[in-house]
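Novice: Sequence and predicted model, in that order:
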Amino acid sequence: MEELEGYVENIVFRNEENGYTVLHLSHPEWDDEICCVGCFSYVAEGQYLVVRGERVFHKEYGEQIKMVSYEEKQPEDSMAIEKYLGSGAIKGIGPALAARIVRKFKEDTFRIFEEEPERLAEVKGISIKLAIQAANQFNEKREMRQAMIFLQDYGISMNLAVKIYRQYGQEMYEVLRTNPYKLAEDISGVGFKIADEIARQAGFYQDSDFRIQAGIIYCLQQSTAQGHCYLPQRELVDVTAQLLGLDPALVDCHVDELCMNKQIICREIGDQRCLYYGRLYYMEMNCARMLLDLNLDFPVKEKELEKKVKSIEREEKIELDEMQKTAVFQAVQNGVMVIMGGPGTGKTTTINTIVRIFEEEGMDILLAAPTGRAAKRMSETTGYEAQTIHRLLEMNGAADGDDRSGMHFERNELQPLEADVVIIDEMSMVDIYLMHALLKALVPGTRLIMVGDANQLPSVGPGNVLKDIIQSGFCDVVRLEKVFRQAAESDIILNAHRINRGEPVEFRKESRDFFCLERSQPQDIINVVIQLIVQKLPPYVNASPYDIQVLAPMRKGELGVLKLNELLQMYLNPSMPDKIEKEFHGVLFREKDKVMQIKNNYQMKWQKINAFGDTYEEGEGVFNGDSGVIRTISTLTETVTVEFEEGKMAEYDFSDMEELELAYAITIHKSQGSEYPAVILPLLSGPKMLFNRNLLYTAVTRAKKCVTIVGSRQMVDQMIRNINEKKRYSSLCQRIQELEASDAEMLS
Ligand SMILES: Nc1ncnc2c1ncn2[C@@H]1O[C@H](COP(=O)(O)OP(=O)(O)OP(=O)(O)O)[C@@H](O)[C@H]1O
């Protein structure tokens, strides 16, 4: 093993994810630079390093040092100091200023930066302001470098190390020493496993109380990612015990202590002990209270209302059927109501009639939906302006207390919405967080009308909001069941309703919008999918290949989203010399790729830019399910620019790339709330729990003009018969019923 000291002359190659670097080290006393390779956690040109490693001979690149370990040292000679300062590492100081600083302070330069920064202003061209700024940067960079090198010992990747340092700064050491599990709570990308590994290295015992309690809380938090608001104690103990590799009895005895400390909340439902991560318990509780408070009775003169409906019917040249009329009457008479119905059952027609009636009364009406796409569709179908619920509530990016998602809404209990009626479409996608935020911004007297299709997949976020509200029975629910669209018009709608009723779908020879191409081998299915998206469907539905969406049930496997994206990228956006690429977590992203944002990022800034390159609109927030196209990848600024719908340009740091995925193919779950001109569904085989009726129904109802199933018809029939759904633990229904009962008791 050799040991060398020198400064980094230049960095020839660097992989930011794993830190693998090829660099040239130089020293005033050497004739030539020496090439070093290895995983350097942090490295910058001009840095002074002590590198230990083996001297090896590479047949292409010649002699090099394979680094085993390294550390940073402050350069001692003035030349090295000047080299570091002038490398561009510190904003505002270039080579000329660096030379002047070092000429003045010589070997004392770094001490001046650390201890007497104001003296830097003695150098011509440096103001006091620049002196202080430069010294702050110098010290921050030094601290950050030390932190990076420290984290490297825990086997943490570069990207994560940067995130950890950004989150805690110098407090990082304290967090690692006292509670490394906090990393899993605070930083996306750090799972329990990484935190646990750090804890192990920091000397925490496998069965330490701390580890077990952190594990329980972590599992409870994780369960929200599967849509649960709570877990029964038995289930929570079992998953935690499995994660920690411990006996369930050892885990079980920690639950009461966590409840006592109010870190988790325990409530009995029936004879089952249910454990909540605090916030979710209170959210369900508050939602129940607010829903009941909103549900006032509004007495109306029925005869007058009937007259108004008649006159609207005359004007619109339509006759509402009985259920639609009931929906209109209930909407006028109640503070809260639900309108349920599948595609083509006249929901929009009903909403429009309701809006007309309230409009004639001079009432203020607001329309909203949970996603941008759904809101856009609502605007198009109703002809009234609709917005996302986030925008309606005037979301701004600032974090809200312990809310990790960073959601904060200007509209809340202090500044409620000034509206007489709020109509929400696609309610099945609203999770408990968003429902809570919405209800906080409504005051009794405002009517809330929720419209949705309870047969769609449930919301991505936790809760079963729509189903729980319906099941609780506290408000009127009108079910629109009659399909108004003509059979000849759309086999998509007819088949969607068949699926819902559990009847087999019909593949008519003469159908113009619903096809099944039977194939039994994955490779044949892939070939057909490619042919459809590249050649056949674009002219058929008059859209571009990027508008055609492949929807797959799963991410993994031969017909999973990951594999399909790899192949579709090859056909739809092949590699070209002028297209810049960037690999991230094993996935290659390329300029012009179709991508999708996979989590809500309320802080992400976007701009709309005109043909002259000027910004004419800007805002914040890119949301789960938003799709766009990569416009540029810059390896210099380490950013990726994505153009989302309506020309919204958002810039991602390479370290935020985990929020993006290729989107030629996406999972059916991710497609909720969106519609596409044509949908291709590769279906062959998969786990029973997932391949169910809901999933097929959701996929089919995403298509406007054409559905093509490629694969097994037998699987389609099986899915229709399979009504098993993955259980979601939520208790909004119970909370509403309990409160309603206690309100009634108080009044009696
Ligand atoms: N009472 C009615 N009588 C005749 N036609 C109707 C009636 N209600 C709705 N329709 C027609 O049926 C079609 C579907 O109605 P509408 O768009 O209101 O349904 P929807 O449930 O909103 O559909 P989707 O969910 O697919 O958007 C429309 O063409 C509409 O004009």
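Specialist: Yep, it's here. Because the structure is predicted, anything quoted here is derived from the model rather than measured. Residues are numbered from 1 along each chain as shown.
Novice: thought Tyr697 was touching Gln456?
Specialist: Yes - the criterion here is Cβ atoms under 8 Å, and Tyr697 meets it with Gln456 at 7.1 Å. For the C-beta atoms, the positions are set from N, CA and C on the backbone; glycine is no exception.
Novice: higher neighbour count, these two?
Specialist: Tyr697 (24 against 20; other Cβ atoms under 10 Å).
Novice: residues in contact with the more buried one?
Specialist: If you count contacts by Cβ atoms under 8 Å, 6 or more residues apart in numbering, Tyr697 has them with Asn455, Gln456, Ala496, Ile499, Asn500.
Novice: And those residues, which is closest to Ser188?
Specialist: Closest approach to Ser188 among these (Cβ to Cβ): Gln456, at 26.9 Å.
Novice: Over to the spatially most central residue of the chain. Which of the three states is it?
Specialist: Centrality entry for the chain: nearest residue to the mean C-alpha point is Lys599, 0.7 Å, by Cα atoms, centre = their mean. At Lys599 the chain is in coil, as set by DSSP: H, G, I helix; E, B strand; the rest coil.
Novice: for the stretch 101-250 of the chain, what spans make up the strands?
Specialist: Counting by DSSP state E, counting those that start in this stretch, one finds strands in the stretch 101-250 of the chain at the ranges 230-232.
Novice: and the contacts of Tyr697, which two are the farthest apart?
Specialist: Farthest pair in these, by Cβ to Cβ: Gln456 and Ile499, 11.8 Å.
Novice: Get me the contact residues on the protein for the ligand.
Specialist: Applying Cβ under 6 Å from any ligand atom, we find that the chain lies next to the ligand at 318-321, 324, 341, 343-349, 381, 484-485.
Novice: most neighbours, which of those?
Specialist: Within those, neighbour counts (other Cβ under 10 Å) peak at Gln324, which reaches 26 neighbours.
Novice: List the contacts of it.
Specialist: Contacts for Gln324 were tallied using Cβ under 8 Å, 6+ apart; they are Gly346, Thr349, Thr350, Thr353, Leu480.
Novice: What is the neighbour count of Asp31?
Specialist: Asp31: 5 neighbours (other Cβ under 10 Å).
Novice: meant to ask about Gly227, not that
Specialist: Residues contacting Gly227 under the criterion other Cβ under 10 Å number 21.
Novice: ditto for the one 3 residues further on
Specialist: Burial of Tyr230 is recorded as 28 neighbouring residues (other Cβ under 10 Å).
Novice: what's the answer for Thr21, then?
Specialist: Residues near Thr21, counting by other Cβ under 10 Å: 22.
Novice: three-state assignment of whatever residue of the stretch 151-300 of the chain ends up closest to the ligand?
Specialist: Residue of the stretch 151-300 of the chain nearest the ligand, by Cβ to the nearest ligand atom: Val300 (21.5 Å). The assignment at Val300 comes out as coil when based on three-state DSSP.
Novice: ok, back up a step: I'd say the residue nearest to the centre of the chain and Asp626 touch.
Specialist: No - applying Cβ under 8 Å as the test, Lys599 and Asp626 come out as separate, 10.4 Å apart.
Novice: got a list of contacts for stretch 77-96?
Specialist: 7, 28, 44-48, 75, 97-99, 101-102, 106-107, 109-110, 130, 133-134, 137-138, 141.
Novice: Please state the mean pLDDT value computed over that stretch.
Specialist: Here stretch 77-96 scores 78 as its mean pLDDT.
Novice: Ok, stretch 18-35 next?
Specialist: Mean pLDDT, computed over stretch 18-35, is 86.
Novice: CA atoms of it as CSV?
Specialist: The C-alpha trace of stretch 18-35 is given here as CSV (Å, rounded to 0.1, in the frame of the first residue of the first chain):
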residue,chain,number,x,y,z
ASN,A,18,-21.7,6.0,-5.9
GLY,A,19,-18.9,8.6,-5.9
TYR,A,20,-16.7,6.6,-8.3
THR,A,21,-14.1,9.0,-9.5
VAL,A,22,-11.1,9.1,-11.8
LEU,A,23,-8.9,12.1,-10.8
HIS,A,24,-5.4,13.4,-11.4
LEU,A,25,-3.4,14.2,-8.4
SER,A,26,-0.4,16.6,-8.7
HIS,A,27,2.3,17.9,-6.4
PRO,A,28,5.0,20.6,-7.0
GLU,A,29,7.7,18.0,-6.4
TRP,A,30,6.4,15.5,-8.9
ASP,A,31,7.3,15.5,-12.6
ASP,A,32,3.9,14.0,-13.6
GLU,A,33,0.4,13.9,-12.4
ILE,A,34,-0.7,10.6,-10.9
CYS,A,35,-4.1,9.0,-11.7
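Novice: Now do the buried residues in that stretch.
Specialist: Gly19, Thr21, Val22, Leu23, His24, Leu25, Ser26, His27, Ile34, Cys35 (16 or more other Cβ atoms under 10 Å).
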